[in-house]
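Chemist: Could you look at this predicted model? Sequence included:
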Amino acid sequence: MKTMPAAIQNIYARRSVRQYQDRPVERELIEQIIDAGRMAPTAMIKQPWKFYVLTRRESIREFSKAIIKTLAKEMVHEGAVGIAKLAMGALYNLYYSDFLKAPDIFYGAPVVIFITAPKDEPWACYDTCMCAQNMMLAAKALGLDSCPLGAGKAVEHTPIFYKLRIPYPEQVFLALIIGYGDETPKAHKRIKDNVVYVDDPEPGCN
Ligand SMILES: Cc1cc2nc3c(=O)[nH]c(=O)nc-3n(C[C@H](O)[C@H](O)[C@H](O)COP(=O)(O)O)c2cc1C
């Protein structure tokens, strides 16, 4: 088999990591990762993103607790469907981490980055996701690991959201955690029967 270029090997090596070493990430590396995010494509070259970074253990813990509380409250409010979602969320976290012992939505990572963009930016969801993927690949290339957290969006509904100093016109699209990984999860099996070569001649047509 032909050897893969390093950039493609890096894509295959990236995993969502949910256990981290108790080791801070150098500010220079955080800067490199964010800068790689800035190189992502954006609709109409708008570059609508902003990055709100937490690196202090106490603040990460405080936000984690607030998010868990908020998610639980919101789901209980939703009634039966919410409770089912809560149970599924708990299972998700239980499956991936020692959640009952140390409930932490950020899985002990030393860096949390909330990626925001203006609420009225129609392509922001695509832009910020491409940015996040660049960041996760950059992290991997720099010897770090990461995990995207949709659950991080719930920070907007916590009573301490104001502490992030995210102005009203912005919305949180994703939280990214970054750190030196302390596990090497196996890749999930990828679905492969999802390609259609639309203009290939049908068998027997030529
Ligand atoms: C939009 C998005 C939201 C996600 N949210 C969470 C999350 O809230 N918590 C979590 O542990 N993982 C989250 N993940 C990570 C996925 O579970 C992970 O990407 C998937 O299991 C595939 O594993 P891999 O990233 O190692 O290939 C999210 C991934 C994406 C793309």
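Modeler: Looks like it came in fine.
Chemist: which residues of this protein fall in helices?
Modeler: Remark: helices assigned in the chain by DSSP state H are 6-13, 27-38, 57-77, 80-96, 124-141.
Chemist: which stretch among these comes nearest residue 192?
Modeler: If you check each of the helices of the chain against residue 192 by C-beta to C-beta, helix 6-13 wins as the nearest, at 14.1 Å. Using the backbone N, CA and C atoms, a C-beta is placed for each residue, glycine as well.
Chemist: and the angle for that closest one with helix 124-141?
Modeler: 100 degrees (axes from the mean of the first three to the mean of the last three C-alpha atoms, to 10 degrees).
Chemist: Whether stretch 127-147 contacts the ligand - can you check?
Modeler: Yes - Stretch 127-147 reaches the ligand (C-beta under 6 Å from any ligand atom) through residue 147.
Chemist: Go through that stretch and flag the buried ones.
Modeler: Residues of stretch 127-147 classed as buried: 127-128, 130-142, 144-147 (neighbour count, 16 or more other C-beta atoms under 10 Å).
Chemist: re earlier: would you single out the least confident of the helices of the chain?
Modeler: Mean pLDDT is lowest for helix 80-96 out of these, coming in at a mean of 65.
Chemist: Please list the residues of this structure that sit near the ligand.
Modeler: Counting by C-beta under 6 Å from any ligand atom, the chain sits next to the ligand at 15-16, 18, 96, 147-151, 185, 188.
Chemist: From those, list the buried ones, please.
Modeler: 15, 18, 96, 147-149, 151.
Chemist: How far away from the center of its chain is stretch 125-140?
Modeler: How far stretch 125-140 lies from its chain's middle: 9 Å, per C-alpha atoms, centre = their mean, to the nearest Å.
Chemist: Tell me which residues are up against that stretch.
Modeler: 10-11, 13-14, 32-34, 36-43, 46-49, 113, 115-117, 121, 145-146, 148, 173-174, 176, 178 (C-beta atoms under 8 Å, 6 or more residues apart in numbering).
Chemist: Mind checking which of these land in strands?
Modeler: Judged by DSSP state E, the contacts of stretch 125-140 include 113, 115-117, 145-146, 148, 173-174, 176, 178 as members of strands.
Chemist: which residues touch the most centrally placed residue in the chain?
Modeler: Nearest to the mean C-alpha position of the chain, counting by C-alpha atoms, centre = their mean, stands residue 148 at 1.3 Å. Counting by C-beta under 8 Å, 6+ apart, residue 148 touches 16, 132, 136, 174-176.
Chemist: Report how many residues lie close to residue 174.
Modeler: For residue 174, the neighbour count with other C-beta atoms under 10 Å is 21.
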